[in-house]
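Asks: Mind looking at a prediction? Sequence and model below.
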Amino acid sequence: KGFFTDTSICIGCKACEVACKEWNHVPADPDPQLLASSYDNTGGLGANTWRHVAFVEQDADRIRQARSSGRALVDLGMPGVGPPSARVNPAGAGSTAGPGPAGGDLHDAATLGPPVSSGVPGDSPADTTPPDTPEFRWLMSSDVCKHCTHAGCLDVCPTGALFRTEFGTVVVQDDVCNGCGTCVAGCPFGVIERRADGTAGPGEQRPQQEHLRESGIAQKCTLCYDRLTDGQTPACAQTCPTESIKFGDHEDMVTTARERVAQLHEQGMTEARLYGANELDGVGGTGSVFLLLDEPEVYGLPPDPRVPTADLPQMFARAGVAAAGMLATAAVAFLGRRR
């Protein structure tokens, strides 16, 4: 299971944040306030914020840069600009996905044919001209734990507090976590965090509430594991009024995301791209796939996330080969000396 977050239709209402906190009894941030750089009062993901809506303000110059970088991805093989009827596939075969930059994925290049007319007398060919660049826009994106295929937090946990569920998600067991914080350093996205105080801000004294998780242990999104086991949709996806957050089988989410990217490209929004759908990246792909309208760094996402633990099998294999070679060399030297 997984999410597909379409940032192109996110309105920044933060309903997902509120629903997440209410359902999972996540405490309020100790000192919520508007940040100097954004209309945002949470700042980023953490122990007390399992869903975070980012607000990014852009002017016309930045929008043009985003579309230029998007067109570069199109040249590398992303879906082309123009209506499907104007596309010609010389091979006559379906497109296949391959690895791409910025944690996204690439498709076979779609060759644009000549302008297509509807056949009606006096009708002009289909207009594939990109839309005018607006003078200003907001980019809003609801971020969440990625539930990576190669989850660094899970790999380095010394107590086994993190485990992969039957839904493919990664969850923290509160009663097993010892609060060592090793998982915090193992996450390339900066998602997981130790909760310093689950009930009060600095200097405040409030009674411990039983429904709140213990302080001092690691906390992050569980993808509403309790709701999944009951056949329900995660609270954030259930609440989203624009359906910017979609939930379902991972393969279906990736397919939906690719179709949406192609649709936006047809509308001339060449800046649209996928993030997290590349199974060959440093985390083996993520359970949370995003449609972005600019580079990942603009949204606070790493362009090429990677966990060292993903290479552990190869590292162990190479170490074993090296050790065997050293032993063989030592044996040959020893036997040769005896002769």
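Replies: In hand now; what should we look at?
Asks: Let me see the contact set for residue 274.
Replies: By CB atoms under 8 Å, 6 or more residues apart in numbering, the contact list for residue 274 reads 104-105, 254, 257-258, 261, 289-292. Using the backbone N, CA and C atoms, a C-beta is placed for each residue, glycine as well.
Asks: Quick one: find the helix or strand in the protein with the lowest mean pLDDT.
Replies: Of all helical and strand segments in the chain, the minimum by mean pLDDT, DSSP states H and E falls on strand 111-112, at a mean of 34.
Asks: give me the number of residues near residue 314?
Replies: Applying other CB atoms under 10 Å, we find 9 residues neighbouring residue 314.
Asks: Phi and psi next, for it.
Replies: phi -70, psi -40 (degrees, to the nearest 10).
Asks: What does the pLDDT read for it?
Replies: pLDDT recorded at residue 314 is 74.
Asks: same thing with residue 59?
Replies: The model's pLDDT for residue 59 equals 78.
Asks: what do you get for the one 3 residues further on?
Replies: The predicted local confidence for residue 62 comes out at a pLDDT of 78.
Asks: What of residue 303?
Replies: pLDDT, residue 303: 85.
Asks: what does residue 292 give?
Replies: 92.
Asks: where do the helices sit along this structure?
Replies: Assigned helices in the chain, in chain order: 15-24, 60-76, 152-156, 182-186, 225-229, 235-239, 250-266, 312-338 (criterion: DSSP state H).
Asks: The longest one: how far from the chain's middle?
Replies: Once both centres are worked out by CA atoms, centre = their mean, to the nearest Å, helix 312-338 turns out to sit 42 Å from its chain's centre.
Asks: try the second one
Replies: Average the C-alpha atoms of helix 60-76, do the same for its chain, and the two points are 20 Å apart (CA atoms, centre = their mean).
Asks: And for the third one?
Replies: A distance of 17 Å separates the centroid of the chain from that of helix 152-156, by CA atoms, centre = their mean.
Asks: check contacts around the closest residue to residue 156 other than its chain neighbours.
Replies: Sequence neighbours aside, residue 186 is the residue nearest to residue 156 in space, at 4.0 Å (criterion: CB to CB, 6 or more residues apart in numbering). Residue 186 sits next to 152-153, 155-157, 307, 309 when contact means CB under 8 Å, 6+ apart.
Asks: how does it look with 10 Å?
Replies: Taking CB atoms under 10 Å, 6 or more residues apart in numbering, we find residue 186 in contact with 151-157, 162, 192, 307-309.
Asks: any idea how far it lies from residue 217?
Replies: 15 Å (CB to CB, to the nearest Å).
Asks: quick one: low-confidence parts of the stretch 51-200 of the chain?
Replies: For the stretch 51-200 of the chain, the stretches flagged by pLDDT under 70 are 72-134, 197-200.
Asks: rerun that using 80 as the cut-off
Replies: Applying pLDDT under 80 to the stretch 51-200 of the chain flags residues 58-59, 62-63, 65, 67-136, 196-200.
Asks: thinking again about what came up before, go through the helices of the chain and name the closest to residue 47.
Replies: helix 182-186 (9.6 Å; CB to CB).
Asks: and that closest one, how far out from the chain's middle?
Replies: With CA atoms, centre = their mean, you get 18 Å for helix 182-186.
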